[in-house]
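Peer 1: Got a predicted structure here, sequence first:
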Amino acid sequence: MTTRAEQGQGAKQPHSYEEFTRRPFYIGINRETIRLVKKPVKYAVDIATGTGAMITQMLEQGLLIRDFQVRGYDIDESALKAAKSAFRNFDGQMLFINAPAENIPLKNGWAQLVTFANAIHLTDAPAATRESARIMDYGATLLINTAYETTHAYPEKSAHSWGILTALARKAARENHGLNDIPNPVPLRQYSVDDYVNMLVSAGLSDIEVYFHTAQMDKEDVKAICRYDEFARIALPDVELDLAKDLLVGAVEPMLERRKSDTIPRGWTIFKARKLPKAT
């Protein structure tokens, strides 16, 4: 089934993350996240919306009632332009606005649903959580998913293999390109489940639920992530971007051969929280 949101999306992908966000494993994670909402809403916000993958899920799963209003926020102007084009049939009901997760230009208590997919680890997470709570109405739901929670990102003892991927890319950078002083990978696993829960509580949210999703990623899934600009910058800082992506992609098959497997697991953590009225 193709929704109106998907019409015209077969054109060349202008953003490096679109390749992996269209992989079946990633779509499945977003579907699992959105399924946690049981009641349709009129006012929804998608933070770090990119080109609107989570909004597509809202539409596909019937979570937006008639006369709905959706706001998508991102700091990538070109992604917002693509989202506006993809959702052009909803002109007037969807607005896509350039804004960081920590400073959403929206009045207090507007949203009945806020989604934040695989991006909170790229923000000031405590500030972004407080801002999410600020724009939520009482009774509203916040959904967050991330692949960078400290203890569940690498299930089945897979951290070593992901480390090998980067190590092989760095070895090729040294041996084939003379790059000997590449900085260490940028750490994104800063927060545990307890840390995120504490952020949600501190922001005034409650009824917190935590779920874990393990994706078995095949060769093409991993290559798609390696071609994502932010992943390449994080794994190989200061390396020219296209070269970094090529080095990482070239390390995928040797890494899987060392694992003696066609797949590698990656863990996502999903948080659901609500904003309830204060007890009187």
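Peer 2: Nice, thanks for sending it over.
Peer 1: how about T49, secondary structure?
Peer 2: Here T49 is recorded as coil under DSSP: H, G, I helix; E, B strand; the rest coil.
Peer 1: thought it was touching F96?
Peer 2: Yes: T49 lies in contact with F96 (C-beta atoms under 8 Å); the separation is 6.8 Å. Using the backbone N, CA and C atoms, a C-beta is placed for each residue, glycine as well.
Peer 1: Need the residues touching each of the two.
Peer 2: 72-74, 80, 83 (C-beta atoms under 8 Å, 6 or more residues apart in numbering).
Peer 1: isn't there a strand covering K42?
Peer 2: Yes: under three-state DSSP, K42 sits within a strand.
Peer 1: ok, now which ones touch the closest residue to Y73 other than its chain neighbours?
Peer 2: Closest residue to Y73 apart from its sequence neighbours, by C-beta to C-beta, 6 or more residues apart in numbering: A99 at 4.5 Å. Each residue near A99 by C-beta under 8 Å, 6+ apart is listed here: 73-75, 105.
Peer 1: How about the contacts made by the most centrally placed residue in the chain?
Peer 2: By C-alpha atoms, centre = their mean, the chain has its centre lying nearest to N118, at 1.9 Å. When contacts are counted by C-beta under 8 Å, 6+ apart, N118 is found next to 29, 145-147, 268.
Peer 1: From the residues you listed, which land in strands?
Peer 2: 145-146, 268 (DSSP state E).
Peer 1: Which parts of the stretch 151-280 of the chain are strands?
Peer 2: 206-218, 263-274 (DSSP state E, counting those that start in this stretch).
Peer 1: Most tightly packed of those?
Peer 2: strand 263-274 (a mean of 21; mean count of other C-beta atoms under 10 Å).
Peer 1: Which elements pack onto that one?
Peer 2: helix 24-34, strand 136-146, helix 159-177, helix 193-202, strand 206-218, helix 241-259 (3 or more C-beta pairs under 8 Å, 6 or more residues apart in numbering; DSSP states H and E).
Peer 1: Centre of the chain to that strand, how far?
Peer 2: 10 Å (C-alpha atoms, centre = their mean, to the nearest Å).
Peer 1: Strand partners (parallel or antiparallel) of that strand?
Peer 2: strand 136-146 (antiparallel), strand 206-218 (antiparallel) (DSSP bridges).
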